[in-house]
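> Next comes the sequence, and after it the predicted model I'd like to discuss.
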Amino acid sequence: MADSVLKELSSTSLFDLTGVVAVVTGGGTGIGLMITTTLIANGATVYIIGPKQEDLDKIAKVYNDAAEKERKPGRIHGIAGDVSKKSEALRLADEVRKREGHVTVLFNNAGITTTAIKRPTEATAEAYVKAFFDPVSEADFTNTHSTNAVGPYWLTFAFLPLLEKWKESPGGQRFAPQIVMTSSMNGWTKDLATSGFSYPYMFSKAAIGQATSTLAHDLLPLGIRVNGIAPGLFVTEMSSPGTIDELGRSHFPPGLEWGFEVPVSRPVPQGTWGAGTNKDMGALVLFLVSNWFVDGETVLIDGGTMLRHPSSY
């Protein structure tokens, strides 16, 4: 009947995440928190992973209290860990296994960047060495890649058994198990300005973009999807450090300037510079979790930035 078709296509039916179990690395701040709050707002149980248990517990309480007040079933649980370590990936997966037994979706979201470089002021080899080589350390590359690109590899395989178990659960008939990588528009940019002037960060995000499509291919026999999110400018601890409020949200300070344009089509509130919002990210998260028919894709969500700046996307 037509009424049943309309009912199954309603937003409340499509995006009801009751029973979904998600793991979000870096889920207590920035884009990770946008992902986390979207998931619990729609009924999911979410495990957030970060370096400090105290910080995770604090943000979990803020939103769990709100969810309980609104009688929403979604809840957040924090587990401290170092996502760059192979041994930690196994421990974290085991911690979740003890509590849940299965996982619907793993968001490999945690990321770090390095101190921005300054462009050379003259077109000489000496000036370029001083700008791009001298201030960058080996640790800048090692630490950034370990967290942004290598860590997601360890976590992907550590959580595979739990993702496979999801298919045997009642919810496995509604939502396909999935891994979602947070890449960046900077995995495809040719303009260093859009990456915060950090080659280590840009290289790491290019790596995770490639990993998304390759892992999606390799995991086809398991029926586990791998997709990616490539954000542009969002207000996060990375883009605006030291500005987190009591709800875990970051804010741009007055006078902040960016070396690139975000030609977003919607009206831009003052002081936001066209940055993406939690609603923008939340809508994409719900789409990816609920849609079986997308696999091996990285979705660019950048307000049109890559249309104005040279890229290979």
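Happy to help now that I have it.

> All the strands of this protein, residue numbers only.
Ranges of strands within the chain are 21-25, 45-50, 75-80, 105-108, 178-182, 225-231, 298-301, based on DSSP state E.

> would CSV of those strands with distance to G196 be doable?
Heads up, the C-betas are built off the backbone N, CA and C, glycines and all. Shown next, in CSV, are the strands of the chain (distance: least, CB to CB, whole Å):
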stretch, distance to G196
strand 21-25, 20
strand 45-50, 21
strand 75-80, 27
strand 105-108, 20
strand 178-182, 15
strand 225-231, 13
strand 298-301, 17
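
> any idea which of those strands is most buried?
Burial of these is given as mean neighbour count (mean count of other CB atoms under 10 Å); strand 105-108 ranks first at a mean of 30.

> Make JSON lines from the strands of the chain and add mean pLDDT to it.
Formatted as JSON lines, the strands of the chain follow (pLDDT from 0 to 100):
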{"stretch": "strand 21-25", "mean pLDDT": "98"}
{"stretch": "strand 45-50", "mean pLDDT": "98"}
{"stretch": "strand 75-80", "mean pLDDT": "98"}
{"stretch": "strand 105-108", "mean pLDDT": "98"}
{"stretch": "strand 178-182", "mean pLDDT": "98"}
{"stretch": "strand 225-231", "mean pLDDT": "97"}
{"stretch": "strand 298-301", "mean pLDDT": "97"}
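
> A216 is nearest to which of those?
A216 lies closest to strand 225-231 among the strands of the chain, at 3.9 Å (CB to CB).

> Next, the angle from the closest one to strand 178-182.
20 degrees (axes from the mean of the first three to the mean of the last three CA atoms, to 10 degrees).

> Residue numbering should commence at 17 henceforth.
Okay, using 17 as the starting number, the last item reads as strand 241-247.

> Provide the strand pairings for strand 241-247, with the direction of each partner.
Taking DSSP bridges as the criterion, strand 241-247 forms sheet pairs with strand 194-198 (parallel), strand 314-317 (parallel).

> How far away from the center of its chain is stretch 154-171?
Relative to the chain's own centre, stretch 154-171 is displaced by 15 Å; criterion: CA atoms, centre = their mean, to the nearest Å.

> What is the burial count for A82?
14 (other CB atoms under 10 Å).

> Same question for the one 4 residues further on.
The tally of other residues near E86 (other CB under 10 Å) stands at 9.

> Need the phi and psi values for it.
The phi/psi pair for E86 (degrees, to the nearest 10) reads phi -90, psi 0.

> so what pLDDT did it get?
Listed pLDDT for E86 reads 89.

> swap in P237?
pLDDT for P237: 97.

> Distance-wise, check it relative to T172.
15 Å (CB to CB, to the nearest Å).

> what's the answer for E313, then?
Where T172 is concerned, E313 sits at a distance of 16 Å (CB to CB).

> what do you get for T120?
According to CB to CB, T120 stands 15 Å off from T172.

> One more: T228?
10 Å.

> S229 too?
Distance, S229 to T172, by CB to CB: 13 Å.

> Same check on V280?
Using CB to CB, V280 is found at 32 Å from T172.

> which regions of this protein lie under the pLDDT threshold?
For the chain, the stretches with pLDDT under 70 are 254-258, 271-274, 284-289.

> Of E313 and T172, which one has the most company?
T172 (21 against 15).

> from what I can see that one touches N124, true?
Yes - between T172 and N124 a contact is recorded at 6.7 Å, counting by CB atoms under 8 Å.
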